[in-house]
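Colleague: Could you look at this predicted model? Sequence included:
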Amino acid sequence: MKALLIAAHGSRNALANEELVNMTRAMVDESMLSQYDEVKAAFLELAQPSIEIAIAELIANGCHELVVLPYFLNSGVHVKKDIPGIIEKVETAYPELNIRLLTHIGASSEMKRLISDTAR
């Protein structure tokens with residue numbers, strides 16, 4: 001099974017966390033992520049599921065190929081160190097799992113267009 005994990009920071013504000021969960025669900029419902037068998041949102045801190053718990057759940061569901069998308073605008077310490085550190089630990093614990101860590105969403109070539117379209 002191939003899965004996508006959208007990894008966000010997390011917030012003390014439950015509604016903020018729910019926005020990501022709802023967007024992820026909507027994208028699945030609209031078949032926007034049909035190349036994946038399962039799509040899950042997870043959080044680095046302050047909210048659940050944590051990235052580690054979400055990955056463990058995906059593995060328990062039969063995931064053998066995991067794509068991780070950091071849902072961050074900038075390449076700060078969470079993107080450069082924290083998330084790669086978690087992925088490294090997961091790779092050690094689950095050597096049979098094929099993990100691909102994507103560049104954070106803020107680095108997307110589509111970001112300029114998105115800002116331009118939104119600011120109209």
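Modeller: All right, it came through fine.

Colleague: going forward, measure contacts and count neighbours with C-alpha atoms only.
Modeller: Will do.

Colleague: For this structure, which helix extends over the most residues?
Modeller: Using DSSP state H, we find that the single longest helix of the chain is helix 14-29.

Colleague: tell me which strands and helices that one is in contact with?
Modeller: strand 38-43 (3 or more CA pairs under 8 Å, 6 or more residues apart in numbering; DSSP states H and E).

Colleague: Report the angle between the strand it packs on and helix 14-29.
Modeller: Per axes from the mean of the first three to the mean of the last three CA atoms, to 10 degrees, the angle that strand 38-43 makes with helix 14-29 is 160 degrees.

Colleague: quick one: strand 38-43 to chain centroid distance?
Modeller: Centroid separation for strand 38-43 versus its chain: 6 Å, with CA atoms, centre = their mean, to the nearest Å.

Colleague: mind listing what's buried in the longest helix of the chain?
Modeller: N17, L20, T24, V28 (16 or more other CA atoms under 10 Å).

Colleague: I figured K40 hits L4, correct?
Modeller: Yes - contact criterion CA atoms under 8 Å: K40 and L4 qualify, at 6.3 Å.

Colleague: Which parts of this protein are helices?
Modeller: 14-29, 51-60, 77, 83-93, 111-118.

Colleague: got those as CSV, with mean pLDDT and distance to L69 columns?
Modeller: CSV is the format used below for these (pLDDT from 0 to 100; distance: least, CA to CA, whole Å):
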stretch, mean pLDDT, distance to L69
helix 14-29, 96, 12
helix 51-60, 98, 11
helix 77, 97, 15
helix 83-93, 97, 10
helix 111-118, 94, 15
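
Colleague: Same list (those) but as CSV, adding distance to A8.
Modeller: Shown next, in CSV, are the helices of the chain (distance: least, CA to CA, whole Å):
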stretch, distance to A8
helix 14-29, 8
helix 51-60, 9
helix 77, 13
helix 83-93, 10
helix 111-118, 17
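
Colleague: got the contact list for R100?
Modeller: Contact partners of R100, counting by CA atoms under 8 Å, 6 or more residues apart in numbering, are L66, V67, V68.
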